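Peer 1: The sequence and its predicted three-dimensional model are supplied below.
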Amino acid sequence: MPAQETFLDETIDGLRVQVIKTYDEAYAKDVFGAMSDPAKAFLWRSMKPEETYAPEDLPTEPGEDYDAFLLDELLEQGREDWKTFSYFVVTTDAEGPVFVAADWPTAEAFAKKSSVPDLPPRPLPRLDASGPQF
């Protein structure tokens, strides 16, 4: 596993959960590709793209455009300096890697909620005159 450092190693609700920091972009992409829709919704909410982008620049429906947008944001937010990128991967002993974020607080928050089965569904912006509504 392309880990650099372990940031969390706990048993939460009987499940061993770890958060590791990695500099491996390919690994981060693989983890992202395997993430569930609720995990992607959690990542979306943590990134708050509606605060950075105009409503018309945000994807409005689930699918490839949504995933591509979210992955691009993840990769860019992982920048530590002009040529170094890092990511925080949440793994469980039952499922392996289940989540990736560009920052430690988001990964830790997900890790501590990862055993909760009813994470909210993927947020989709509803566009109107006041901007995106979630």
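Peer 2: Sure thing, it's come through.
Peer 1: For residue 102, see how far away residue 86 is.
Peer 2: Distance, residue 86 to residue 102, using Cβ to Cβ, to the nearest Å: 8 Å. For the C-beta atoms, the positions are set from N, CA and C on the backbone; glycine is no exception.
Peer 1: try residue 67
Peer 2: In terms of Cβ to Cβ, residue 67 sits 16 Å off from residue 102.
Peer 1: Show me which of these two is the more surrounded one.
Peer 2: A count of neighbours by other Cβ atoms under 10 Å puts residue 102 above the other of residue 67 and residue 102, at 22 against 17.
Peer 1: Residue 88 is in contact with that one, correct?
Peer 2: Yes. Judged on Cβ atoms under 8 Å, residue 102 makes contact with residue 88 at a distance of 7.4 Å.
Peer 1: shaky segments in the protein?
Peer 2: Within the chain, the segments meeting pLDDT under 70 span 1-3, 114-134.
Peer 1: Who are the contact partners of the residue most central in space within the chain?
Peer 2: By Cα atoms, centre = their mean, the chain has its centre lying nearest to residue 43, at 3.6 Å. The contact partners of residue 43, by Cβ atoms under 8 Å, 6 or more residues apart in numbering, come to 35, 70, 74, 99-101, 106, 110.
Peer 1: Much appreciated, bye for now.
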